[in-house]
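Chemist: next comes the sequence, and after it the predicted model I'd like to discuss.
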Amino acid sequence: MRPTRPLTTIGVLVAGAAVALLLTGCGDTTPGSGVDPATFDGDWQLTSGSVDGTDLDLAAGDVTLTVDGEQWGGTSACNQYFATATLDGDQVTVGGVGSTEMACDEPRMALEAAYLAGLQRVTTAATDGDTLTLSSGDGVVLEFGPVAPTPTADLVGTTWTLTTLLDGDSASSTVGEPATLTLADDGTVTGSTGCRTFRGRWEQDGDALSIGPLATPKIGCSPETRSQDTHVLAVLDGEVAATIDGQSLTLERDGRGLGYSAG
């Protein structure tokens, strides 16, 4: 049975190594942006920035910031990151910065490193219209504009790339080759674990997916990918709860899960 209706979607989700932030707008917001200038809460896109006199190369990748009170996070060109921030008027202290650990091309990794290093030095936050400026007074200036709502990816036909392994309350990054998942309209499912490819059938019943049985080649995995291979197949081969949030797909079963991003 092929899918007959879309999965339930939830609000904007930022997933870090072990952090998921569910964002809601509040107060007077900039139209269409979900941003509250009085508290900085909302979703922001880095539009310009410099660290110690060097401009950040924003052509290398997207950098976003989601603010939900003291919980901050977003996309840092390559990885998802998370942090805590203490606000006192326009004074801010950023700490507890962490991120997932995917490898990307060098320009994106360089942008990510510069941005995260600069973010940890920020001491002042201020809004002017629809612009949020974070600065340090000693060489860091990061300017953000509001982010337009993220379109929801299609469950069917999208190549989903594994970004996070979930086990209870913990989350970890992926290893090995990119692990993917594609659910086709003809009821077939294909993908890989980062070690081995797999193929099988899938069906949808509301927000649940029934996947499998999955066929995989009988090859050995490296010590680095063996645990991930086992985790992926254990979650996928059976009935899983599925949630799409913008460009993210989360599959969960028996306390374990998989976090995917579109593309």
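Modeler: Thanks, I have it.
Chemist: tell me which helix or strand Pro107 sits in.
Modeler: Assigned by DSSP states H and E, Pro107 belongs to helix 106-119.
Chemist: and the next helix or strand past that helix?
Modeler: Scanning onward from helix 106-119 (DSSP H and E), the first element met is strand 124-128.
Chemist: in that next one, what's buried?
Modeler: Ala125, Thr127 (16 or more other Cβ atoms under 10 Å). Yep, even glycine has a C-beta here, placed from its N, CA and C like the rest.
Chemist: adjacent strands (with direction) for the helix or strand following that strand?
Modeler: Helices and strands here follow DSSP H and E; after strand 124-128, the next one along the chain is strand 131-135. With DSSP bridges as the test, strand 131-135 is paired with strand 124-128 (antiparallel), strand 140-146 (antiparallel).
Chemist: the last one vs helix 106-119, what angle?
Modeler: Just to be clear, that refers to strand 140-146. 100 degrees (axes from the mean of the first three to the mean of the last three Cα atoms, to 10 degrees).
Chemist: which is the next helix or strand following strand 140-146?
Modeler: Downstream of strand 140-146 (by DSSP H and E), the next one is strand 159-167.
Chemist: and that next one, what's buried?
Modeler: Trp160, Thr161, Leu162, Thr163, Thr164, Leu165, Leu166.
Chemist: quick one: residues in contact with it.
Modeler: The contact list for strand 159-167, computed with Cβ atoms under 8 Å, 6 or more residues apart in numbering, reads 15, 80, 100, 102, 171-174, 178-182, 191, 194, 228, 231-232, 249-250, 252, 255-263.
Chemist: restricted to helices, list these.
Modeler: Per DSSP state H, helices hold the following members of these: Gln228, His231, Val232.
Chemist: who wins for neighbours among these?
Modeler: Greatest neighbour count in the ones in helices among the contacts of strand 159-167, by other Cβ atoms under 10 Å, goes to Val232: 27 neighbours.
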